[in-house]
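**Student:** the sequence and its predicted three-dimensional model are supplied below.
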Amino acid sequence: MKKRVLYQLGRDTLKSIQETFKTISASQLPFDLTAELGSVIRAAEISSGVYSISTDKEDWMPEYYVVTKDAPAISDKARSYGQEFTGKPHLRIYDQSQPGSGRYIIDFEILCYQRKHHLPMIEYGDSIYSIALYGMEENPNYFGEYPVPGVTPRGYTVRHKKIINGVYWLETDRCEEMLSICYPIWQAELSIQEQHLGEQLEYDQVRGIDITFGNLFYPKENSCIPLFELSLLHPEIKTNGAINMSALLNAVFKFYPEYTSAHNKEHAEYKHGTLIQENCDTGTEFIEF
């Protein structure tokens, strides 16, 4: 299952909203979704016609955005991402715990609306940029895909190949090849050891990469383990043809025997992931332009 260390916007946002806005009762809501979502435990109106609620549908009290038809901050495109319940076409619902639900789109549009209209900004604890950055993974049709880095720690990018959205294979003007991984992916999905081995731009080092949300870069000789770890969480890496998975496993097996041994031991014990084995029919060149 994908880990999302920073994917706490739902709960963090609701907590922040409750500190910024007066909590309202279920009876004050202009809708009743008890049958669909359960009884409302907490609620707040975070923008005109936009409500954040938590319900008793599950033990962990799921949270939702509910957008009414006349909410001025929310565009028609944003509404298209929401869920519509039968008989209630004037409402759109966004599950704050469900990736791809459009939750970041609602956060983004509210903050943009407040800024454009010189209204007090909700204290989300997250900037418009950081919300958009995380939204690029869940809803690239709205935010666009992650940009290809124009500069790396080893020169300017002159060619690139997409592995998945936010993960790119680069060639620089120094004729070096590097793997680039965007912040939301590497921060949540790479092992701590591999995070520490990634190279950073000087800008990110000076200001702090957790503030700048910078990419991590891996030279070709150090890229096979990060790619392997990502392939366990993104099945499309194994099927889209960008990577020769057999050669990738060979590279990990040949150049990182300690990692291979530890991974295979864990695989044998818990029976998850992919067993790293050598394939004598393929070499170790796992990617090419």
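**Tutor:** Received, thanks.

**Student:** residues near the residue lying closest to Gly38 once chain neighbours are set aside, how many?
**Tutor:** Nearest residue to Gly38 in three dimensions, chain neighbours excluded: Lys57, at 3.2 Å (C-beta to C-beta, 6 or more residues apart in numbering). To be clear about C-beta, it is placed using only N, CA and C from the backbone, and glycine gets the same treatment. The criterion is other C-beta atoms under 10 Å. On that basis, Lys57 has 16 neighbouring residues.

**Student:** please apply the same query to the one 3 residues further on.
**Tutor:** Here the count is done by other C-beta under 10 Å, and Trp60 has 9 residues near it.

**Student:** part of a helix, is it?
**Tutor:** No: checked against DSSP: H, G, I helix; E, B strand; the rest coil, Trp60 lies outside a helix; its state is coil.

**Student:** I figured Glu194 hits Ser223, correct?
**Tutor:** No: no contact is recorded between Glu194 and Ser223 when judged using C-beta atoms under 8 Å, the distance being 9.9 Å.

**Student:** of the two, who's got more company?
**Tutor:** Each of Glu194 and Ser223 has its neighbours counted (other C-beta under 10 Å); Ser223 has more, 24 against 21.

**Student:** so what's that one scoring on pLDDT?
**Tutor:** As predicted, Ser223 sits at a pLDDT of 98.

**Student:** let me know the secondary structure of the nearest residue to it once chain neighbours are set aside.
**Tutor:** With sequence-adjacent residues excluded and distances taken as C-beta to C-beta, 6+ apart, Ser223 is closest to Leu179, at 3.9 Å. Per three-state DSSP, the secondary structure class of Leu179 is strand.

**Student:** for this structure, what are the low-confidence residue spans?
**Tutor:** Along the chain, the parts satisfying pLDDT under 70 run over 1-22, 122-125.

**Student:** try it again with 90
**Tutor:** Residue ranges of the chain with pLDDT under 90: 1-23, 59, 119-127, 267-274, 280-281.

**Student:** per-domain residue ranges of this protein.
**Tutor:** Using automatic domain parsing, the domains assigned to the chain come out as 9-143, 151-270.

**Student:** do you know which of these lies nearest Phe286?
**Tutor:** When the domains of the chain are ranked by proximity to Phe286, the top entry is domain 151-270, at 3.9 Å, counting by C-beta to C-beta.

**Student:** quick revisit: in a helix, the residue nearest to Gly38, correct?
**Tutor:** No: checked against three-state DSSP, Lys57 lies outside a helix; its state is coil.

**Student:** hang on, the earlier thing: list the contacts of the residue nearest to Ser223.
**Tutor:** Counting by C-beta atoms under 8 Å, 6 or more residues apart in numbering, Leu179 makes contact with 163, 167-170, 217-218, 220, 223, 226-227.

**Student:** give me the beta-bridge partners of it?
**Tutor:** Assessed by DSSP bridges, Leu179 has beta-bridge partners Trp169, Tyr218.

**Student:** Thr157 versus that one, what's the distance?
**Tutor:** Going from Leu179 to Thr157 by C-beta to C-beta, to the nearest Å gives 12 Å.

**Student:** got any residues that touch both of the two?
**Tutor:** Residues touching both Leu179 and Thr157 (C-beta under 8 Å, 6+ apart) are Leu170.

**Student:** quick one: contacts of the one helix or strand Asn141 maps to?
**Tutor:** Following DSSP states H and E, the helix or strand that holds Asn141 is helix 140-143. Surrounding helix 140-143, the residues in contact under the criterion C-beta under 8 Å, 6+ apart are 77-78, 81, 102, 104-105, 108, 132, 135-136, 165.

**Student:** cool, stretch 77-89 as well?
**Tutor:** 31, 33, 36, 65, 67, 69, 91-95, 101-102, 105-106, 109, 139, 142.

**Student:** rerun that using 7 Å as the cut-off
**Tutor:** Residues from elsewhere that reach stretch 77-89 (C-beta atoms under 7 Å, 6 or more residues apart in numbering): 36, 67, 91-94, 102, 105-106, 109, 139, 142.

**Student:** pull the CA atoms of it into CSV?
**Tutor:** Once side chains and other backbone atoms are set aside, the C-alpha atoms of stretch 77-89 remain, and they are given as CSV (Å, rounded to 0.1, in the frame of the first residue of the first chain):
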residue,chain,number,x,y,z
LYS,A,77,-14.1,21.7,-13.6
ALA,A,78,-13.5,21.2,-9.9
ARG,A,79,-17.1,20.1,-9.5
SER,A,80,-16.6,17.4,-12.2
TYR,A,81,-14.2,15.6,-9.8
GLY,A,82,-16.7,15.3,-7.0
GLN,A,83,-19.1,12.4,-6.3
GLU,A,84,-22.8,13.0,-6.9
PHE,A,85,-25.4,11.1,-4.9
THR,A,86,-28.7,10.1,-6.5
GLY,A,87,-31.4,12.7,-6.0
LYS,A,88,-28.9,15.4,-4.9
PRO,A,89,-27.5,16.9,-8.1
